[in-house]
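S.K.: The amino acid sequence is not available; the structure is as follows:
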C-alpha cells in the first residue's frame, strides 16, 4: 500500500471500487459524497465522512483517529491513522456494511442517512400506498405490515377476489374505517361507519355491546352479482361477551357469520339453506364462510375447512347492508357483540387453498403488528 495514496486506497476499498475520481477535490470528499454527504461539516470533509459512518465526536481533537477507532483500530500503522484505516478496509475485516441495501440491512431504513445502493428509495405497492395515504398512517412497522399484506394477497391471487378488506390498523376510528381495496371515504367504497359506542386500539375495535353499537359495512346483497360466489371472514382478537355475531343481515332470509356462538358453535349462511354449523368451537379466532353460488358452501376455522354441504345457495333479496358486531334486522341492529375484531373481509368465493392463503396473510399481518 502506497502511503502517498492511502486515502485513495481507502476510498477505493470502502466503496468496493465505486469511487474512481476525487469528487469534491479530494479522495476523502469523494468517499464522503459517495456515502451520502452533500457538503463539508464545519468546513471539514473528514468530519462529514465521520458523520456518514455514525461518528459524532472527535478523539483527542482528531476526526481521523475517531474514524479509526470506530473500526475497532487501537493504534496507528506505520505512524499513520490513515494507513491503519486503509489497511483495515483493504486487507482486514469484517468491513463496515456497504451503502444501505433495502431489505438486506438490519438498520432502520427511515433513519438511514446514507444513499441507497441504487440511488432509489424503495417504493411501496401502489395499493398499499393509497391506503396509507388515505388513513394517514406513518408508523414504519404499520406501513411495512400493510405493504406485505397487499403483496401476500396478490401473490396468492386473491386480491382481485376481495370486495372489502378492513385490516383495522392504526388504532383509531379514522384509520379503522377504511377499506384496503378501495380506500375512499365513501359508502360506495365500503368505508365502515361506526355507530354508537366503540373502543379502538392497536389490537382492533370492539363495540359497546348495546343495540345501538354496530359497524355499517354498506355492503348490500341486492347490489351484488355473485357470479363468482361470496365469502365473509373475520378475525376475533378477544371474546368480549354477547352473541358473538361477526356480521349479519336478517331480511327475507338470514346472512350471518358467527364465531363460537355462546362459546360453542360457528355459523354461516348466505341468505338461504339454513345455517351451516360447526359445533364444539369454544375458541375465538379466525372464522370464514363461503358459498360458490351453486349450493356448495363451507365453514373455515383458522384456515382449515371444518364442515361443508350442498344445501345453501345465495339469496340476493336483501336490500339492507350487512352490519358488523351485530345483525341488521330490517334496519335495526340486534344481537350485538362486544368481541374485539381486527380483520374482516368480504369478497368472492374462496376454495380451500385460497382460504388457507388468506388466513396465512392475516396471521402474518397481525404477527407483524404484535397482536
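M.R.: In hand now; what should we look at? Predicted model, so just to flag it, every value in this text is computed and none were measured.
S.K.: Around the nearest residue to residue 201 once chain neighbours are set aside, count how many other residues there are.
M.R.: For residue 201, the nearest residue in space outside its immediate sequence neighbours is residue 171; the separation is 5.3 Å by Cβ to Cβ, 6 or more residues apart in numbering. Quick note: C-beta positions are derived from backbone N, CA and C, even for glycine. Neighbours of residue 171 under the rule other Cβ atoms under 10 Å: 18.
S.K.: Please name the residues that touch residue 171.
M.R.: Applying Cβ atoms under 8 Å, 6 or more residues apart in numbering, we find residue 171 in contact with 200, 201, 202.
S.K.: residues in contact with the last one?
M.R.: What that stands for is residue 202. By Cβ under 8 Å, 6+ apart, the contact set of residue 202 is 171, 369, 370, 371.
S.K.: how about a cut-off of 10 Å?
M.R.: Taking Cβ atoms under 10 Å, 6 or more residues apart in numbering, we find residue 202 in contact with 139, 142, 168, 169, 170, 171, 172, 342, 369, 370, 371.
S.K.: want to throw those residues into a markdown table with distance to residue 73, pLDDT and secondary structure?
M.R.: As requested, those are arranged in a markdown table below (distance: Cβ to Cβ, whole Å; pLDDT from 0 to 100; DSSP: H, G, I helix; E, B strand; the rest coil):
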| residue | distance to residue 73 | pLDDT | secondary structure |
| --- | --- | --- | --- |
| 139 | 39 | 90 | coil |
| 142 | 41 | 93 | helix |
| 168 | 51 | 98 | coil |
| 169 | 46 | 98 | coil |
| 170 | 46 | 97 | coil |
| 171 | 47 | 96 | coil |
| 172 | 50 | 97 | coil |
| 342 | 50 | 97 | strand |
| 369 | 42 | 94 | coil |
| 370 | 40 | 93 | coil |
| 371 | 45 | 93 | coil |
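S.K.: which residues does residue 44 bridge with?
M.R.: On the basis of DSSP bridges, residue 44 is bridged to residue 41.
S.K.: tell me the contacts of it?
M.R.: Contacts for residue 44 were tallied using Cβ under 10 Å, 6+ apart; they are 28, 29, 32, 50, 51, 58, 63.
S.K.: now for these, which pair is the farthest apart?
M.R.: Using Cβ to Cβ, the pair of the contacts of residue 44 lying farthest apart is 29 and 58, separated by 18.0 Å.
S.K.: mind listing the helices for the protein?
M.R.: 6-14, 27-34, 45-52, 63-70, 81-91, 126-135, 140-155, 173-176, 352-368 (DSSP state H).
S.K.: Point out the other helices and strands that the fifth one packs with.
M.R.: To tie it back to what came earlier, the one meant is helix 81-91. Where contact means 3 or more Cβ pairs under 10 Å, 6 or more residues apart in numbering; DSSP states H and E, helix 81-91 is packed against helix 6-14, helix 63-70.
S.K.: Comparing these, which comes out most buried?
M.R.: Greatest average neighbour count among the helices and strands packed on helix 81-91 goes to helix 6-14 (a mean of 22), per mean count of other Cβ atoms under 10 Å.
S.K.: quick one, it and helix 81-91 angle?
M.R.: 30 degrees (axes from the mean of the first three to the mean of the last three Cα atoms, to 10 degrees).
S.K.: From the contact counts, what lies against helix 6-14?
M.R.: Using 3+ Cβ pairs under 10 Å, 6+ apart, the elements in contact with helix 6-14 are helix 27-34, helix 45-52, helix 81-91.
S.K.: can you put these in TSV and add distance to residue 74?
M.R.: Formatted as TSV, the helices and strands packed on helix 6-14 follow (distance: least, Cβ to Cβ, whole Å):
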stretch	distance to residue 74
helix 27-34	22
helix 45-52	18
helix 81-91	9
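S.K.: Looking at those, which is nearest to residue 328?
M.R.: helix 45-52 (59.2 Å).
S.K.: out of residue 29 and residue 58, which sits in the more crowded spot?
M.R.: residue 29 (22 against 16).
S.K.: So what's the residue count around the closest residue to the more buried one other than its chain neighbours?
M.R.: Excluding the flanking residues, the one nearest residue 29 by Cβ to Cβ, 6+ apart is residue 45, at 4.1 Å. Close neighbours of residue 45, defined as other Cβ under 10 Å, add up to 22.
S.K.: right, and residue 45 touches residue 33 too?
M.R.: Yes. Taking contacts as Cβ atoms under 10 Å, residue 45 lies within contact range of residue 33: 8.6 Å.
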